[in-house]
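Novice: Dropping a prediction and its sequence here:
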Amino acid sequence: MALLTRIYYNAVYGALGGLLGWMLFGIFGDKNPDGDFAQKLQMLLGGALVGGCIGYLVVSVEGDP
């Protein structure tokens, strides 16, 4: 696969992974966490969810058939 095509597909699937992770975090995340620790934990889990979705979709594009 050409370099520019790989860059394009990685960008598109990375954006889709970010959107999917953000939507899942909006559904399953706590809207009003109580306290400082709960808010930090919520942000940590949200970042892990969004980053995991981005990584999963980007790596799935790079996989050999």
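Specialist: Structure's in. What do you need? Numbers count the residues shown, from 1 in each chain.

Novice: Nearest the middle, which residue of the protein would you pick?
Specialist: residue 50 (2.7 Å; CA atoms, centre = their mean).

Novice: Distance check, that one against residue 21.
Specialist: Using CB to CB, to the nearest Å, residue 50 is found at 3 Å from residue 21. Where C-beta positions appear, they are placed from N, C-alpha and C, glycine not excepted.

Novice: Also residue 63?
Specialist: 19 Å.

Novice: Those two: who's more crowded?
Specialist: residue 21 (22 against 6; other CB atoms under 10 Å).

Novice: Kindly state the pLDDT recorded for the more buried one?
Specialist: pLDDT for residue 21: 93.

Novice: try the one 5 residues further on
Specialist: For residue 26, the pLDDT comes out at 91.

Novice: next one: residue 65
Specialist: pLDDT at residue 65 comes out at 60.

Novice: What segments of the chain are helices?
Specialist: 3-28, 35-62 (DSSP state H).

Novice: thinking residue 58 is in contact with residue 13, fair?
Specialist: Yes - in this structure residue 58 lies within contact range of residue 13 using CB atoms under 8 Å: 5.6 Å.

Novice: Name the residues of stretch 21-37 that are buried.
Specialist: 21-22, 25 (16 or more other CB atoms under 10 Å).

Novice: And that stretch, end to end?
Specialist: Using CA to CA, to the nearest Å, the span of stretch 21-37 from its first residue to its last is 22 Å.

Novice: now what about that stretch, what contacts it?
Specialist: 38-39, 41-42, 45-46, 49-54 (CB atoms under 8 Å, 6 or more residues apart in numbering).

Novice: List just the nearest of the residues you listed to residue 5.
Specialist: residue 54 (19.3 Å; CB to CB).

Novice: Contacts only, for the nearest residue to that closest one once chain neighbours are set aside.
Specialist: Of all residues not flanking residue 54 in the chain, residue 17 sits nearest, at 3.8 Å (CB to CB, 6 or more residues apart in numbering). Applying CB under 8 Å, 6+ apart, we find residue 17 in contact with 53-58.
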